[in-house]
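Engineer: Here is a sequence with its predicted model. Questions after.
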Amino acid sequence: MTAYTVKNDISSSRGVILDDMILTADMPSTAGSRMLAGYRSLFNAEAVTRLVGNGYEIAGKVSVGEFAFDTLGESAYGGAYTEEGTLRYPAAVAVKADGFPALCLDVNGAPRRAAAQEGLVFLKPTYGTVSRFGTVPVACSGECVGIMARTAAECRLLFSSILGHDEKDGTSLPEELCSSALDERPIKRVAEIVFPGVENPLSAKLSAMGIEVVTVDAPVLFAAHEAWNILMSAELCNNVSRYDGVKYGYRAENFSGLDELYTKSRTEAFGSLLKTAILFGSETLSTENYMKVYDKALRIRRKVVEAFSALFAEYDALLLPTVSRGAYTEAELEAEPTLSYRENRFTAPASISGLPSVTFGGASLVGPAFSDAALLALAGTCEWEGV
Amino acid sequence: MDKEILRRLELLNQLALTEEEKAAFLAFYAEREGAWAELAAIDTEDTERMVHVLPILTVVREDVARQPFTRDELQAAAPDAGEGYWRVPRVLE
């Protein structure tokens, strides 16, 4: 992994931080993995090109968990030195300490959890409104370039600078649809899903602002969790199969043939959580499991989208917790390396359905497609009213 | 899931897990299998698969020859390259 520092000679109104899943031509892009240590892209991500074109400067890059998948890398106890002696400095720590907003690739909800734990705002935009061209691909059918900032207004400003159709991204929406994500609409009625034993700090605050918050039961949304785990892992397995120690990235030193070169390079470069996810994803696509597991998850994705549509016929947004608790301790994360597979139960519904989600006040609001600005406006009102 | 299937998965994915990693994977897999039972309980017989949330169509651009990067630029990131080729161990014995 590479150590990053944030440049201090850029004013906070023009500087933006990038997480290490976002490719830059003038800085290394490692995806938090030994596999890409020192890797330098030949081009900038489209989001970076748009930022620079709109007068922003890249203030620095910050660390991520391996392929944005590992909770450890996103955790807010940043600033610690890893075993390899490099600095771990994730986006949530940098945004808080340095004041710059950040672009983060949201694969598995990690930046949403970090923002909730650190009292920051994070926008996971409507899928397809922000180009993913030039991001390291992991789980392409759900991942998005999101924005982390101290305020909702900062998020909106940055969002308006990077959204829009990009012909280089096959999943990019037409310009008029992208632009509609900036339309504002009132949010008056909010449905809330309660997770047993998990407190939602935003529920009472929204009620105090005069917003009607109604507890609802939508059991299929709970199934989004495991369905996204399956789809995400299967896509990850395919996407990281390109790393073989030949064309770029890490290569093992001692090998006797091509197969051993591949296996040793991947084994030495990938972390344990990533290996677990690769094997799990691979098995969900096996002949024995494809219909029972992978195909089932695809059908549940439609069920989840339909459940959201039914909810949004009556309510303007859905309130969910974002994380089960405050900051994790290093010991907890080391004791349960696959914690992210459990903690993403709050963030998976928006990931699998491509719907926008704004994390603020320690929780998340998910809205209909293109309600991004409306959700941010509500977050801004909460900030204004001090809730 | 058993050790034999795990061995095949390792071969397929060109990975070699330590004994500790194998034990962790088997425990993780058992946990996920338990959760699949909850998915199985949801009736999806009349529900179509949703591969993607967008109605993705094949994106075809005009077939115009271009060279955004040179061969040297593309090979600059390779661990071992030379004379215009990626260098790998001998494939034929």
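Structural biologist: Received, thanks. Residues are numbered from 1 along each chain as shown, chains lettered A, B, ... in the order given.
Engineer: Show me the contact partners of the longest helix seen in chain B.
Structural biologist: What stands out as the longest helix in chain B, according to DSSP state H, is helix B:19-40. Contacts with helix B:19-40, where a contact means Cβ atoms under 8 Å, 6 or more residues apart in numbering or on different chains, come from A:223, A:225-227, A:229, A:272, A:275-276, A:279-280, A:283, A:292-293, A:296-297, A:300, A:337-338, A:341, B:1, B:3, B:6, B:17. For the C-beta atoms, the positions are set from N, CA and C on the backbone; glycine is no exception.
Engineer: For ChimeraX, write a command that selects the buried ones of the residues you listed.
Structural biologist: Selecting only the buried entries of the contacts of helix B:19-40 in ChimeraX, with 16 or more other Cβ atoms under 10 Å in any protein chain shown as the criterion:
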select /A:223,225,226,227,229,272,275,276,279,280,283,293,296,297,300,337,338,341 /B:1,6,17
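Engineer: Can you list which of the contacts of helix B:19-40 are found in helices?
Structural biologist: Counting by DSSP H, the contacts of helix B:19-40 contribute A:223, A:225-227, A:229, A:272, A:275-276, A:279-280, A:283, A:296-297, A:300, A:341, B:3, B:6 to helices.
Engineer: which sections of the stretch 1-150 of chain A are below the confidence cut-off?
Structural biologist: The model of the stretch 1-150 of chain A has pLDDT under 70 over residues A:1-9, A:12, A:70-88.
Engineer: Would you mind listing what in it touches chain B?
Structural biologist: Applying Cβ under 8 Å from any Cβ of the partner chain, we find that the stretch 1-150 of chain A lies next to chain B at A:39-40, A:42-43, A:127-128, A:141-142.
Engineer: 10 Å - rerun?
Structural biologist: A:36, A:38-43, A:126-128, A:140-142 (Cβ under 10 Å from any Cβ of the partner chain).
Engineer: which pair in those residues spans the largest distance?
Structural biologist: A:38 and A:126 (34.6 Å; Cβ to Cβ).
Engineer: which of these two has more neighbours?
Structural biologist: residue A:126 (26 against 14; other Cβ atoms under 10 Å in any protein chain shown).
Engineer: Count the neighbours of the closest residue to residue A:183 other than its chain neighbours for me.
Structural biologist: The spatial neighbour of residue A:183 that comes closest, neighbours along the chain excluded (Cβ to Cβ, 6 or more residues apart in numbering or on different chains), is residue A:373 at 6.2 Å. A count of nearby residues for residue A:373, using other Cβ under 10 Å, gives 25.
Engineer: wait, isn't residue A:161 in contact with residue A:55?
Structural biologist: Yes - applying Cβ atoms under 10 Å as the test, residue A:161 and residue A:55 come out as touching, 8.6 Å apart.
Engineer: Please say which of the two ends up with more neighbours.
Structural biologist: More neighbours surround residue A:161 than the other of residue A:161 and residue A:55, with 18 against 9 (other Cβ under 10 Å).
Engineer: Wasn't the more buried one part of a strand?
Structural biologist: No - assessed with DSSP: H, G, I helix; E, B strand; the rest coil, residue A:161 is helix; it does not lie in a strand.
Engineer: So what does the closest residue to it other than its chain neighbours have for phi and psi?
Structural biologist: Excluding the flanking residues, the one nearest residue A:161 by Cβ to Cβ, 6+ apart is residue A:54, at 4.3 Å. Backbone torsions for residue A:54, taken as degrees, to the nearest 10, come to phi -100, psi 10.
Engineer: Residue A:54 and chain B, how far apart?
Structural biologist: Between residue A:54 and chain B the computed distance is 23 Å (Cβ to the nearest Cβ, to the nearest Å).
Engineer: Alpha carbons of stretch A:284-302, as CSV, please.
Structural biologist: Only the C-alpha atoms of stretch A:284-302 are listed here, as CSV (Å, rounded to 0.1, in the frame of the first residue of the first chain):
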residue,chain,number,x,y,z
THR,A,284,-22.0,-18.9,-6.0
LEU,A,285,-21.4,-19.2,-9.8
SER,A,286,-20.7,-22.9,-9.7
THR,A,287,-22.9,-25.4,-11.6
GLU,A,288,-24.3,-26.6,-8.2
ASN,A,289,-25.1,-23.2,-6.9
TYR,A,290,-25.8,-21.0,-9.9
MET,A,291,-29.6,-21.4,-9.9
LYS,A,292,-30.0,-21.9,-6.2
VAL,A,293,-27.9,-18.9,-5.2
TYR,A,294,-26.8,-16.5,-7.9
ASP,A,295,-30.0,-16.7,-10.0
LYS,A,296,-32.1,-16.4,-6.8
ALA,A,297,-30.2,-13.3,-5.8
LEU,A,298,-31.0,-11.7,-9.2
ARG,A,299,-34.7,-12.4,-8.7
ILE,A,300,-34.6,-11.0,-5.2
ARG,A,301,-33.0,-7.8,-6.6
ARG,A,302,-36.2,-7.3,-8.6
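Engineer: what residue lies at the spatial centre of the chain?
Structural biologist: Chain wasn't specified; assuming chain A. Of all residues in chain A, the one closest to the mean position by Cα atoms, centre = their mean is residue A:106, 1.2 Å from it.
Engineer: I was after chain B.
Structural biologist: Central residue of chain B (Cα atoms, centre = their mean): residue B:13, at 7.7 Å.
Engineer: For residue A:132, grab the count of nearby residues.
Structural biologist: 25.
Engineer: again, but for the one 3 residues further on
Structural biologist: Each residue near residue A:135 was counted by other Cβ under 10 Å, and the total is 28.
Engineer: List the contacts of it.
Structural biologist: A:18-19, A:21-23, A:29, A:31, A:45-48, A:68, A:103, A:105, A:107, A:143-145, A:169 (Cβ atoms under 10 Å, 6 or more residues apart in numbering or on different chains).
Engineer: Just the pLDDT for the residue lying farthest from the centre of chain A.
Structural biologist: Computed with Cα atoms, centre = their mean, the residue of chain A farthest from its C-alpha average is residue A:256, at 39.2 Å. Note for residue A:256: predicted pLDDT of 90.
Engineer: can you check residue A:374 too?
Structural biologist: Value for residue A:374, per-residue pLDDT: 98.
Engineer: And for residue B:90?
Structural biologist: 85.
Engineer: contacting residues for it?
Structural biologist: A:257-258.
Engineer: and it, what helix or strand is that in?
Structural biologist: Residue B:90 is part of no helix or strand when elements are defined by DSSP states H and E.
Engineer: quick one, phi/psi of it?
Structural biologist: phi -60, psi 130.
Engineer: Quickly note the distance from it to residue A:261.
Structural biologist: Distance, residue B:90 to residue A:261, using Cβ to Cβ, to the nearest Å: 11 Å.
Engineer: Is it correct that residue A:207 falls within a strand?
Structural biologist: No - using three-state DSSP, the assignment for residue A:207 is helix, not a strand.
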